[in-house]
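Asker: make a model of this:
(chains A, B, C and D)
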2 protein chains.
Amino acid sequence: MDENTALVAFGALSNATRLKIVRLLVEAGPDGLPAGDVAKAAGASPSRASFHLAGLANAGLVTADRQARTIFYRVSFEQLGALMAFVLNDCCKGHPIVQACCGQATASC
Amino acid sequence: MDENTALVAFGALSNATRLKIVRLLVEAGPDGLPAGDVAKAAGASPSRASFHLAGLANAGLVTADRQARTIFYRVSFEQLGALMAFVLNDCCKGHPIVQACCGQATASC
DNA sequence: ACCTTAATTCAAGAATCGTTGAAATAAAAG
DNA sequence: CTTTTATTTCAACGATTCTTGAATTAAGGT
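Answerer: Sure thing, here's the model as predicted:
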């Protein structure tokens, strides 16, 4: 992941509505969720949800595909993983403290 | 790490100058760098560097301590690690693809 | 064709963020 | 106590982002 992509991704994750959407899509699993369901579950108007989904898609953190009239959004674990790798390896030079936090959930983080 | 802290941290990392500062401080090692050196190395005016350092400090991503007239800034690997853990465990529920990206630098991320 | 549902786009205004340069604080030295 | 150095704070302005509601595109059913 290049730096500019990381900057856009960080920006995308820095908003409460968008972070909530990411979590919803993580919960939703591999089939994803229709935009309308995302809006409802996030407590946002359709246009607001669409705006934020577009931001996440622009950052590569979610993908969209249309099935008939409904557009399904899915989270991109690959891109989230790439962002993690960017922080760990590019930013932190693989620093052991940061590395340790990514091990088991039992780590002291 | 709670959600709000994570939001602030993501916002802090979403700016090119601030990300550059984080990298400088990672390079600088445990002694950190004086604010003036950060400004010079980042190619920013003192007030601009101070503004961005304050943003990073507010997010807990850097710490400051004064030694005589100069203020040394250090990166907080703990907070960066906590942010990684937040993404991995809170947001992604420990999803294996994300987990894999945090392993060795040889991972396919 | 017409209607309905799903979602996006647009425009306007509000809110937040970033930059600049000048002024203020902090600490030490002469 | 004045000066110098290090850094922050402040105010103004420009730029970006967010929200809202109305209009628009997209797709399918009647």
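Asker: what residue lies at the spatial centre of chain A?
Answerer: A:Leu61 (4.2 Å; CA atoms, centre = their mean).
Asker: name the nearest residue to that one, sequence neighbours excluded.
Answerer: A:Gln79 (5.3 Å; CB to CB, 6 or more residues apart in numbering or on different chains). Glycine gets a C-beta too; all of them are placed from N, C-alpha and C.
Asker: and the helix or strand where the one you found lies with helix B:77-85, angle?
Answerer: For A:Gln79, the host element (DSSP states H and E) is helix A:77-85. When axes from the mean of the first three to the mean of the last three CA atoms, to 10 degrees is applied, the directions of helix A:77-85 and helix B:77-85 differ by 180 degrees.
Asker: which strands and helices sit next to helix A:77-85?
Answerer: Under the contact criterion of 3 or more CB pairs under 8 Å, 6 or more residues apart in numbering or on different chains; DSSP states H and E, helix A:77-85 touches helix A:3-13, helix B:96-101.
Asker: nearest to B:Ala28, of these?
Answerer: helix A:3-13 (18.8 Å; CB to CB).
Asker: check which residues of the closest one are buried.
Answerer: Residues of helix A:3-13 classed as buried under the neighbour-count rule (16 or more other CB atoms under 10 Å in any protein chain shown) are A:6-13.
Asker: check stretch A:50-57 too.
Answerer: Quick answer for stretch A:50-57 (16+ other CB under 10 Å): A:50, A:52-53, A:55-56.
Asker: tell me the angle of the helix holding A:Gln79 relative to helix A:3-13?
Answerer: 110 degrees.
Asker: how far off centre is helix A:77-85?
Answerer: With CA atoms, centre = their mean, to the nearest Å as the basis, helix A:77-85 stands 9 Å off its chain's centre.
Asker: with stretch A:16-36 instead?
Answerer: 9 Å.
Asker: and the contacts of that stretch?
Answerer: With contacts defined as CB atoms under 8 Å, 6 or more residues apart in numbering or on different chains, stretch A:16-36 is touched by A:12-13, A:38, A:41-42, A:44, A:46, A:48-50, A:52-53, A:55-56, A:61-62, A:64, A:70-75, B:3, B:6-7, B:10, B:90-93, B:95.
Asker: which of those fall in helices?
Answerer: Of the contacts of stretch A:16-36, the ones assigned to helices by DSSP state H are A:12-13, A:38, A:41-42, A:46, A:48-50, A:52-53, A:55-56, B:3, B:6-7, B:10.
Asker: which ones among those residues come in contact with DNA strand C?
Answerer: A:46, A:49-50, A:53 (CB under 7 Å from any atom of the strand).
Asker: tell me the SS of A:Leu88?
Answerer: helix (DSSP: H, G, I helix; E, B strand; the rest coil).
Asker: give me the residues contacting stretch A:75-89.
Answerer: Contacts of stretch A:75-89 (CB under 8 Å, 6+ apart): A:1, A:6, A:9-10, A:22, A:25-26, A:28, A:32, A:59-63, A:94-95, A:98-99, A:102, B:80, B:83-84, B:87-88, B:91-92, B:95, B:97-102, B:105, B:107, B:109.
Asker: whichever of these end up buried, select them in PyMOL.
Answerer: Here is the PyMOL command that picks out the buried ones among the contacts of stretch A:75-89, judged by 16+ other CB under 10 Å:
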select buried, (chain A and resi 1+6+9+10+22+25+26+28+32+59+60+61+62+63+95+98+99+102) or (chain B and resi 80+83+84+87+88+91+92+95+97+98+99+100+101+102+107+109)
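Asker: since that was my last question, I'll sign off now.
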